[in-house]
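Asks: here is my input; please provide its structure:
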Amino acid sequence: MLSPPDNRGNALSAAGAGEPTTSPQPALSVQYAAAGDDLPARPLLRRWVRAALGSEVAATAIVLRFVEESESRTLNRRYRNLDRPTNVLAFVYDGERRAGADMLSGDIILCAPVLRREAISQGKPLPAHCAHLVVHGMLHLQGYQHDRAAGAAQMERREIEILARLGFGDPYVIGPGLPAKPVRRASR
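Replies: Numbers count the residues shown, from 1 in each chain. You can find the predicted model right below:
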């Protein structure tokens, strides 16, 4: 996993009082390595992570890290050969998610400044955009890909379904019924 959390990013277990025990209980570490007090709080992040988990996943160890553009750019350049910051990167441990495996572990890196700009340009509240990209990253950790049309369509349907259950609209629609610009799909 990534380096230990900073003073705001203490490790957080998602198993909390009053929460249902029938769904997977993700072990979630949230790290805030980006400035700003507008980023989603840990309870929301925990809820979004849990909503995106497949039913076959029995346990998780996830690091969710908000970063500045320099860290996002460095990671994107190193792992994807793209010399620019990106909205989300997902790194699954052991290289890939294996079908039938009941343990899921990985890192999701969210670039706070990019998320803020995209939310504004798409006319969306920041929490809605963050929820979408947390779900998007979680689906990547579970093996979803969008490098081909069929995979992209399947992943988008799943994102829309999960976000609807969370009370968010279709993330691919912006403004009054206008289709969204494609989200820069940078996770791997």
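Asks: can you list contacts of stretch 65-79?
Replies: Stretch 65-79 has contacts (C-beta atoms under 8 Å, 6 or more residues apart in numbering) with 2, 9, 30-35, 39, 82-86, 89, 91, 107-114, 186, 188. No exception for glycine: its C-beta is placed from N, CA and C like everyone else's.
Asks: quick one: mean pLDDT over that stretch.
Replies: Summarised as a single mean, pLDDT over stretch 65-79 is 98.
Asks: what's the answer for stretch 87-96, then?
Replies: Across stretch 87-96, the average pLDDT comes to 83.
Asks: pull the CA atoms of that stretch into CSV?
Replies: Extracted in CSV, the C-alpha atoms of stretch 87-96 (Å, rounded to 0.1, in the frame of the first residue of the first chain):
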residue,chain,number,x,y,z
ASN,A,87,-8.5,12.4,-12.3
VAL,A,88,-8.2,8.8,-11.0
LEU,A,89,-5.7,6.0,-11.0
ALA,A,90,-6.3,2.6,-9.6
PHE,A,91,-3.7,0.0,-8.7
VAL,A,92,-4.8,-3.5,-7.8
TYR,A,93,-2.3,-5.6,-5.8
ASP,A,94,-0.9,-8.7,-7.4
GLY,A,95,-1.2,-7.1,-10.8
GLU,A,96,-4.8,-8.0,-11.5
